[in-house]
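Engineer: predicted model, plus sequence, below.
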Amino acid sequence: MLHAATRLFASAGFDGTAIQDIANDVGVTKQAILHHFPSKELLREAVLDAIVGHWYNALPRLLAVAAESDDRVDAVLGALVGFFTEDGDRARLLFREALDRPDEMRRLVAGPARPFLFLVAGYIKAGQTAQTGEPRFASDADAEAYVLHVLALVLTHAALGPVVDAALSAPAADRAALREKELFRIAKRSLFFKV
């Protein structure tokens, strides 16, 4: 049900999607959906909670598993790219919500999503001020702005990739991998002294 709602909200927007559309897609009655989600707004919140909630478990584990700064960046960035490219509707939904319902998205970013942004930014700040040896990360990078820009790059990669691939001269089968490789290069080059 949440997957269908994600896809339909991403495609037609929250206002353009009726509960009946979701029910038809899932093959249940409208009343069955309303039994679980008494309003379309609660269904929307559940869809967004599922996207944000994924990171409650994934992000701390990713930061703890990889010991080296380069490995951690690869692990977090790889998981982020994988999550949104596995289902591009997640990224498309976030873009659509940001355009159609900016006040609600500001609350999401300032509320439930903020701890994850600060967790990654805090890791970067710690790497910028390392007391032993050389700092791991470029000291002139603003950690919070960096995290937000990289997130925007990942969302763009996942949401718009199939559209912008038409502009690439590489063979069609190689375009997504080429864009992903370049995304990693950009993210790492702007954070590390040397890549």
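Structural biologist: Everything's here; your move.
Engineer: where does the chain have low pLDDT?
Structural biologist: Residue ranges of the chain with pLDDT under 70: 66-70, 131-135, 193-195.
Engineer: what about 50?
Structural biologist: Residues of the chain meeting the criterion pLDDT under 50: 194-195.
Engineer: what residues sit buried inside the longest helix anywhere in it?
Structural biologist: For the chain, the helix that runs over the most residues, judged by DSSP state H, is helix 40-65. Residues of helix 40-65 classed as buried: Lys40, Leu43, Arg44, Ala46, Val47, Leu48, Ile51, Trp55, Ala58, Leu59, Leu62 (neighbour count, 16 or more other C-beta atoms under 10 Å). No exception for glycine: its C-beta is placed from N, CA and C like everyone else's.
Engineer: tell me the first helix or strand C-terminal of it.
Structural biologist: Counting by DSSP states H and E, the element after helix 40-65 in chain order, helix or strand, is helix 69-86.
Engineer: list the helices and strands that next one packs on?
Structural biologist: Judged by 3 or more C-beta pairs under 8 Å, 6 or more residues apart in numbering; DSSP states H and E, helix 69-86 is in contact with helix 40-65, helix 88-100, helix 114-128, helix 143-164, helix 175-189.
Engineer: let's have the ones you listed in a markdown table, adding distance to Phe9.
Structural biologist: A markdown table is the format used below for the helices and strands packed on helix 69-86 (distance: least, C-beta to C-beta, whole Å):
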| stretch | distance to Phe9 |
| --- | --- |
| helix 40-65 | 6 |
| helix 88-100 | 5 |
| helix 114-128 | 22 |
| helix 143-164 | 13 |
| helix 175-189 | 24 |
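Engineer: of all those, which one is nearest Leu8?
Structural biologist: Proximity to Leu8 (C-beta to C-beta) singles out helix 88-100 among the helices and strands packed on helix 69-86, at 8.8 Å.
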